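[1] Pasting the sequence and the predicted model now:
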Amino acid sequence: MLASLRKYRNYRLYFAGQIVSYSGSWMQETALPWLVLQLTHSPFQVGLLVFCRYGPFMIGGLYGGVIADRFDNRRVLMATQSFSMCVAAGLATVSFIGSGRLWVLFLLATGSGLALVFDNPSKHALIYQLVGRDDLPNAISLNVSLQNSAKIVGPALGGVLIAAVGAGWCFVVNAASFLAVLAALAAMRPDHLFRLERGERQGGLRALREGFAHVRSSRLLLAIMGIGVVLGLFGFSAMRTLLAVLARQTLHGGPRTFGILFAAYGAGAVVGALSAAALMRTGRRYLLGGALLFALPILLLAPVQTTAVAGVLLFVAGAGWATWSGQALAQVQLAAPDRLRGRAISLYTYTILASAPLGGLLGGWLADVGGTRLAFAVSGSAGVAAVLAAAAALRGLRLPERHVAADAALPE
């Protein structure tokens, strides 16, 4: 299960830095909406904040893959992480100054979204260079487990800090956490990175067209992107919009109930990611099985009226999401040549992140019309249908069944 950590010093450094950074980032993700709501008492302003956060990725997310394919991923990450540290420091400063600086918060949130455009594809592409092709599924699964663990730890620590000393200190902690990432990136040995054949450098539009052509030529990638769009549109709405509605209106609970549901989903995601890391395998049955394991529990949530049953289903859904996302990202990278890997990653992540805001609006509208029963029924049905359609499209296609050798060597 820990093969990548055991064999690769550079990956150990990367993983250690992310342990600190991911938790700090989720503390900031918890504190920033709280601060805006505290200043404005307006849910619309919180929605505007989310738009500022993800708007840059919706506009320029695809171009981030071009940058990942053109430049050294480690150096790109050092630049984006430094910029994100400055954003966090700016948020802390505005928070300590007090009210009357709302536009600055929105500007800084937009800055963090801009960093995400270039950070996300380069971060995933670097993992390939850290561990190589054979250990890539294991490394990705470990990274997914770390991300999902941070979704539990970060908000919990953030809530404690907000209650004890205010939201500003969450931003201070996050700014400091980037030092761990920068130190890890600086300490890596470039000669231990797996070499890439990047090919000739191309202009932005030509490079994007080549990335699209690569995806269109692959039934596997088209199926993955198709599932990603549907799960981004409906799955994200279920997890980010509908859980609060489920806890408050359907289960007639409060913040404690909401916390239990969110923790159940996060715990399932951690278990799913660690199981995938221990498996050290990729293949069609794991890819489609993970997506189905995510979509089916959402469908089964429609008639649920008890917290215990909802928690169990969300645990399974979390495990399914972690399995699917790790498998999908591994398959996207394994199917792409070195010179296109960053663009393939950016296209995959774009299908999910760009459709998620629309999914939130759709999920909220469905819940207004027919409650969580209708919203979960539509979301789950759409996800199951997408998996079945992808299974039909991939019938007869042999996917790479990667099994990691226990004694894979370091790159020369």
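    Noted; the coordinates are in hand. Numbers count the residues shown, from 1 in each chain.

[2] which residue sits closest to residue 304 in space, ignoring its chain neighbours?
    Once its chain neighbours are removed from consideration, residue 304 has its nearest residue in residue 310; the separation is 4.9 Å (Cβ to Cβ, 6 or more residues apart in numbering). The C-beta positions use only the backbone N, C-alpha and C, and glycine is treated the same way.

[3] And the one you found, which helix or strand is it part of?
    Using DSSP states H and E, the secondary-structure element containing residue 310 is helix 307-335.

[4] So what's the residue count around residue 41?
    When neighbours are counted by other Cβ atoms under 10 Å, residue 41 registers 8.

[5] Quick check: phi and psi at it.
    Note on residue 41: backbone dihedrals following degrees, to the nearest 10 are phi 60, psi 30.

[6] Now do it, the pLDDT please.
    In this prediction, residue 41 carries a pLDDT score of 73.

[7] got it, and residue 279?
    You'll see residue 279 listed with a pLDDT of 65.

[8] Could you do residue 269 as well?
    In this model, residue 269 is scored at 81, pLDDT.

[9] With residue 203 instead?
    Per-residue pLDDT puts residue 203 at 57.

[10] Repeat that for residue 211.
    77.

[11] Let me see the contact set for it.
    Going by Cβ atoms under 8 Å, 6 or more residues apart in numbering, residue 211 touches 62, 65-66, 340, 343-344, 346-347.

[12] Kindly indicate which of those lies nearest residue 34.
    Each of the contacts of residue 211 was checked against residue 34 using Cβ to Cβ; the closest is residue 346, at 30.5 Å.

[13] shouldn't the closest one be in contact with residue 69?
    No. The criterion here is Cβ atoms under 8 Å, and residue 346 misses it with residue 69 at 9.1 Å.

[14] quick one: the residue nearest to residue 304 and residue 375, what's the gap?
    Relative to residue 375, residue 310 is positioned 14 Å away (Cβ to Cβ, to the nearest Å).

[15] which residues touch the residue lying closest to residue 177 once chain neighbours are set aside?
    Spatial nearest neighbour of residue 177, excluding adjacent residues (Cβ to Cβ, 6+ apart): residue 24 at 3.1 Å. Applying Cβ under 8 Å, 6+ apart to residue 24 gives the contacts 88, 154, 173-178.

[16] Serialize those residues to CSV and add fields for distance to residue 110 and secondary structure.
    Converted to CSV, those look like this (distance: Cβ to Cβ, whole Å; DSSP: H, G, I helix; E, B strand; the rest coil):
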residue, distance to residue 110, secondary structure
88, 14, helix
154, 22, helix
173, 22, helix
174, 17, helix
175, 18, helix
176, 23, helix
177, 21, helix
178, 18, helix
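
[17] same question for stretch 186-194, mean pLDDT?
    Stretch 186-194 shows a mean pLDDT of 92 in the predicted model.

[18] Tell me the pLDDT of residue 16.
    According to the per-residue confidence, residue 16 scores 94 in pLDDT.

[19] sorry, that was for residue 317
    Turning to residue 317, the model gives it a pLDDT of 92.

[20] now the residue nearest to it when sequence neighbours are not counted: how far from residue 225?
    Distances taken as Cβ to Cβ, 6+ apart place residue 297 nearest to residue 317, at 4.1 Å, with adjacent residues excluded. Using Cβ to Cβ, one obtains 23 Å as the distance from residue 297 to residue 225.

[21] In terms of neighbours, single out the busier of these two.
    For residue 297 versus residue 225, neighbours defined as other Cβ under 10 Å are more numerous around residue 297 (27 against 22).

[22] which phi and psi does that one have?
    phi -60, psi -30.

[23] Distance check, it against residue 144.
    To residue 144, residue 297 is 18 Å away according to Cβ to Cβ.

[24] Also residue 283?
    From residue 283 to residue 144 the distance is 17 Å (Cβ to Cβ).

[25] Same check on residue 378?
    Taking Cβ to Cβ as the measure, residue 378 and residue 144 are separated by 27 Å.

[26] Show me which helix runs longest in the protein.
    helix 356-393 (DSSP state H).

[27] Check which helices and strands that one sits against.
    The criterion is 3 or more Cβ pairs under 8 Å, 6 or more residues apart in numbering; DSSP states H and E, and the helices and strands that helix 356-393 contacts are helix 43-70, helix 219-230, helix 236, helix 243-245, helix 284-300.

[28] Comparing those helices by mean pLDDT, which bottoms out?
    Comparing mean pLDDT across those, the lowest value falls on helix 236: a mean of 68.

[29] what's the weakest-modelled helix or strand in this protein?
    Lowest by mean pLDDT, DSSP states H and E among the helices and strands of the chain is helix 236, with a mean of 68.

[30] hmm, back to that, how distant is the longest helix of the chain from the center of its chain?
    What separates the centre of helix 356-393 from the centre of its chain is 19 Å, taken as Cα atoms, centre = their mean, to the nearest Å.

[31] What of stretch 323-338?
    14 Å.

[32] Also stretch 142-155?
    The chain centroid and the centroid of stretch 142-155 are separated by 10 Å, computed with Cα atoms, centre = their mean.

[33] The helix or strand where residue 342 lies vs helix 43-70, what angle?
    Per DSSP H and E: residue 342 is located in helix 341-353. Angular relation of helix 341-353 and helix 43-70 on a 0 to 180 degree scale: 160 degrees, by axes from the mean of the first three to the mean of the last three Cα atoms, to 10 degrees.

[34] Tell me the helices and strands packed up against helix 341-353.
    Applying 3+ Cβ pairs under 8 Å, 6+ apart, we find helix 341-353 packed against helix 43-70, helix 102-131, helix 204-216, helix 219-230, helix 307-335.

[35] Please enumerate residues in contact with the shortest one?
    Outside of helix 219-230, the residues that reach it under the criterion Cβ under 8 Å, 6+ apart are 214-216, 287, 291, 324, 328, 331-332, 335, 344, 347-348, 351-352, 355, 382-383, 385-387, 389-390, 393-394, 397, 399.
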